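Engineer: what's the 3D shape of this:
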Amino acid sequence: MKRVLPPFVGDPGAIGLLAMRMVAGLGLILHGYPKLVHLYSWMPATSSVPPLVQAAIPLVQVIGGACLIFGFLTPIAAMCITIQMGYAVHYFQSKGDIFVAPMRQTGTSYETALLYMMIGFLFLMTGPGRHALDYYIFGGARGRSVEDEDSAEPAEPKKSAVLR
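Structural biologist: Sure, this is the predicted structure:
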């Protein structure tokens, strides 16, 4: 896991990542829980989505959302969320849905799926920040953070034999 995590972002960026993790994680849980109650029947019977995928979608949303909130196994959760929401964007686009449905228009749009996909991608690229379980489990022992990498003094260049 240590090789998968990027350097941990410290404050004040870590506070912003914490806030984003909390809001996005709670949103994913609330988005996925109603589907979890009807695991194999939350999509219309005419849907082309296989039952196994129908079952995986709410599991990714609920478990991935909980992992985001706590900052636990964030790269794995973020990757699953990004892939699952990418599938949702593709599904809605293939149905001909628009990006944002104007007010008072019926039908679906894929803006929410695209937002969650990009939030997953954000955490895949940045990691959870220092205010996360991943930092205390995987980062504290090695002490690797963005500040540590930025403040490291550059090594002196080696002098060539010609300049001596």
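Engineer: In this structure, where is pLDDT below threshold?
Structural biologist: Along the chain, segments meeting pLDDT under 70 span 1-4, 103-107, 140-164.
Engineer: give me phi/psi at the residue nearest the centre of the chain?
Structural biologist: Per Cα atoms, centre = their mean, the C-alpha nearest to the average position across the chain is that of residue 120, at 2.2 Å. Per-residue torsions, residue 120: phi -60, psi -40 (degrees, to the nearest 10).
Engineer: That one and residue 70: what is the separation?
Structural biologist: Here residue 120 is placed at a distance of 16 Å from residue 70 (Cβ to Cβ, to the nearest Å). For every residue, glycine as well, the C-beta is placed using N, CA and C.
Engineer: do the same with residue 84
Structural biologist: 19 Å.
Engineer: Give the residue from these two that has the larger number of neighbours.
Structural biologist: The neighbour count for residue 84 versus residue 70, taken as other Cβ atoms under 10 Å, is higher for residue 84 (23 against 16).
Engineer: Quick check: the more buried one vs residue 21, distance?
Structural biologist: Distance, residue 84 to residue 21, by Cβ to Cβ: 17 Å.
Engineer: again with residue 71
Structural biologist: Taking Cβ to Cβ, one finds residue 71 at 6 Å from residue 21.
Engineer: can you list residues touching both of those two?
Structural biologist: When contacts are counted by Cβ atoms under 8 Å, 6 or more residues apart in numbering, the set common to residue 71 and residue 21 consists of 128-129, 132.
Engineer: Of the residues you listed - the most surrounded one?
Structural biologist: Of all the shared contacts of residue 71 and residue 21, residue 128 has the most neighbours under the rule other Cβ under 10 Å, reaching 30 neighbours.
Engineer: before we move on, the earlier item: and the residue nearest to the centre of the chain, what does it touch?
Structural biologist: Counting by Cβ under 8 Å, 6+ apart, residue 120 has contacts 64, 77-82, 85.
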